[in-house]
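[1] Following is a predicted model, sequence given first.
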Number of protein chains: 2
Amino acid sequence: MTGKLRIALDAMGGDRGPEEMVAGAVLAARQDEISVTLLGDEVRIRAAMAAFDLPSEVAGRLEVVATTQVVAMDESPFEAIRRKKDSSIMRAFALHKEGKVDAVVSAGNSGATMAAGLKYLGRLENISRPGIANSFPTMKGPVVMMDVGANVDCRPRHLFEFGVMAVAFSRVLFGIERPRVGLLNIGEEGGKGNILVRNTHQLFQQSSLNYIGNIEGQQTFQGDIDVIVCDGFVGNVCLKLSEGLAEVVVSMLGDEIRKRFLAKVGYLLARDAFAAFRRRVDYAEYGGAPLLGLQGTGVVCHGRSSDVAIKNAIGVAAEMVRHRVNDHIMNLLAADDFLAKKAEAEAEAGGPSAAVRAGVGE
Amino acid sequence: MTGKLRIALDAMGGDRGPEEMVAGAVLAARQDEISVTLLGDEVRIRAAMAAFDLPSEVAGRLEVVATTQVVAMDESPFEAIRRKKDSSIMRAFALHKEGKVDAVVSAGNSGATMAAGLKYLGRLENISRPGIANSFPTMKGPVVMMDVGANVDCRPRHLFEFGVMAVAFSRVLFGIERPRVGLLNIGEEGGKGNILVRNTHQLFQQSSLNYIGNIEGQQTFQGDIDVIVCDGFVGNVCLKLSEGLAEVVVSMLGDEIRKRFLAKVGYLLARDAFAAFRRRVDYAEYGGAPLLGLQGTGVVCHGRSSDVAIKNAIGVAAEMVRHRVNDHIMNLLAADDFLAKKAEAEAEAGGPSAAVRAGVGE
């Protein structure tokens, strides 16, 4: 392969089948510097590739690795990594570990993707909990929220790490030198919130990050914050609530508009506006959600990702590799490491009980 | 006063001042069966009342009680109930305790309102944590979410109680005999979620409630669930995120529509549709959020409540009194009380640490 940035794509992930993944890989490989290794059912992948009349230089940036197992969307991540060593997800991270690719992209089971990443790549030094970040569109630019689902029972140190990792991602992907960090809470004052966020607030206040303070839910989409920190339970609820609410608002508003525009003409004009709006905010088009904190690079995508979404996710993975997001994380963490250690000691003494565990997808 | 249902209204609550509260009270008192006691700055209240040319029977259903103190929106609830005994909020609950009114409505500091309710009325028997419920509009009918902010660190028993209370409210207010109850989680399978919801899921499964199971954020607005249970941190984030997102979606979609409709005409038509949509979903118009679990009746409203919103909130309080929502709560709880007790024992053994406390507004 000739592309300088080598991305492994789980061709068996996603609701639309390997054909959509191949289409996404083809879009990505039309760029000079990217090559894509597709893992999965070789026959289906090659058939889908043959449907494109690819110039040889693009074909030269695509590779296929045959795998025999598939991790289902609702499968337990721990079961999956134990039993499905020849699944497309597992083999993708095995290639990453061997240095044959630089990053992994999957629209499949995100819990299994994280678990496979942890198994093959391990965690970055001084990161106790890798997590999943997600970019939301706002009134102004994108905001990065972390964690959105990998860690459901957290301590202050974990939230602090999420902030550091999301800052590094925001800097690399969106070019924001000093991203503004907000802690998702239920009030702005320091004493507000549950035990976890109250203790985390103190940590961020002492850090060298550009910490704005506690923020409330309605500020998420206003665009005045670049990074929003929360535990994976709250973040996952926010992510799914937002998807659901956006759909409902669009649908209800569409009803009202259709009631008022007498002719079909009005409806057709409105439909065009609605489609443009959907493109602007659609999670699936937004380029996937990075797994941050691994000793390597991974990006997960929505199951319903289109070929364009997959191309965008491959682009995000490539940017993360190109700009060495993990080096940024390590540097930021080094600046505040004493804080994180202090936080851990405090949390052990006064925070939630020891019944805290990695909650990847379970 | 002649109205059979006597509601105390905190005239000093809300961002729009006593005049808006008086206007809301007047709207409510135009109904035969409701009388309203306004508490606050007597001069301003009477001046606002004089601006209406009220028929004597309506005027006869309005009463004024002069109070000298005001609880600010951002004031600590515990400070407020300690230092402001002559505030409109405190005096309203004192009247309730004395049996001079049947319910209290406030658009002021909701934490202080809950704290005052707890102080004067106390908790319902077997309810360990009163909370705040909120009705959201969905594609089909309203859904009740509880808790939306009063209790930030919870045990399974508390979430179970929220479910019972919200079921009683849904039955009384929306006439749903067996409301479908969902537990807000990050996956539908039983093993998903954090420690709190995993243990709570088991509780609900054994209860006599119409428990649907774990639900995910996007199901909130689909209308296939009548009651959504969550802790007050998650619920408050959901509430505020929804308000913020709905505004952003409307604004972004408005941009797209305006770009497309060439003439002002299209914009004006669309504006009409947008206004109708806002009325349909506006939290402020939706009638306030009940405080459930008190030995009495309280409803809190959004600070920016209009007169119509206040009238609706008074209507909700009146319905709660008329249909004895607290009796429904007690009956439902009696049916499952053994479960709640069992849950508590289990939670003490294996749940979050003892560092759990009432989090009303702090």
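    Cool, got the structure.
[2] Outline the domain layout of chain A.
    Per the record, chain A has its domains at A:1-122+A:294-321, A:127-288+A:324-362, by automatic domain parsing.
[3] next one: the longest one to chain centre, how far?
    If I follow you right, that is domain A:127-288+A:324-362. Relative to its parent chain, domain A:127-288+A:324-362 has a centroid offset of 11 Å by Cα atoms, centre = their mean, to the nearest Å.
[4] try the first one
    The offset between the C-alpha centroid of domain A:1-122+A:294-321 and the centroid of the whole chain comes to 15 Å, using Cα atoms, centre = their mean.
[5] quick revisit: lowest mean pLDDT across the domains of chain A, which one is that?
    When these are compared on mean pLDDT, domain A:127-288+A:324-362 scores lowest, with a mean of 82.
[6] Against which helices or strands is the helix or strand harbouring residue A:331 packed?
    In this structure, residue A:331 sits in helix A:325-335 according to DSSP states H and E. Secondary-structure packing of helix A:325-335 (3 or more Cβ pairs under 8 Å, 6 or more residues apart in numbering or on different chains; DSSP states H and E): helix A:156-174, strand A:289-292. Every residue, glycine included, has its C-beta placed from N, CA and C.
[7] Can you tell me what sits against the last one?
    The set of residues external to strand A:289-292 that reach it, using Cβ atoms under 8 Å, 6 or more residues apart in numbering or on different chains, is A:110, A:113-114, A:117, A:130-135, A:146, A:148, A:150, A:165-166, A:168-169, A:297-301, A:316-317, A:320, A:325, A:329.
[8] For the following helix or strand past it, which outside residues touch it?
    Once the chain leaves strand A:289-292, the next helix or strand it forms, by DSSP H and E, is strand A:298-300. Under the contact criterion Cβ under 8 Å, 6+ apart, strand A:298-300 has outside partners A:93, A:103-107, A:110, A:113-114, A:117, A:121, A:132, A:287-291, A:313-314, A:316-317, A:320.
[9] Residue A:136: what secondary structure?
    Under DSSP: H, G, I helix; E, B strand; the rest coil, the three-state class of residue A:136 is strand.
[10] returning to what we had before: would you turn the helices and strands packed on helix A:325-335 into CSV with mean neighbour count?
    Converted to CSV, those look like this (neighbours: other Cβ atoms under 10 Å in any protein chain shown):
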stretch, mean neighbour count
helix A:156-174, 26
strand A:289-292, 28
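[11] Check the separation of the first and last residues in stretch A:214-232.
    Using Cα to Cα, to the nearest Å, the end-to-end distance of stretch A:214-232 comes to 17 Å.
[12] Would it count as contacting chain B?
    Yes. Using Cβ under 8 Å from any Cβ of the partner chain, we find that stretch A:214-232 touches chain B at A:216, A:217, A:218, A:219, A:220, A:221, A:222, A:230, A:231, A:232.
[13] The fifth one contacts residue A:226, correct?
    This points to residue A:220. No. Contact criterion Cβ atoms under 8 Å: residue A:220 and residue A:226 do not qualify, at 11.7 Å.
[14] which residues do the two both contact?
    residue A:143.
[15] If you count neighbours, what's buried in the longest helix seen in chain A?
    Determined from DSSP state H, the single longest helix within chain A is helix A:232-260. Residues A:232-250, A:252-254, A:256-257 are the ones in helix A:232-260 that count as buried (16 or more other Cβ atoms under 10 Å in any protein chain shown).
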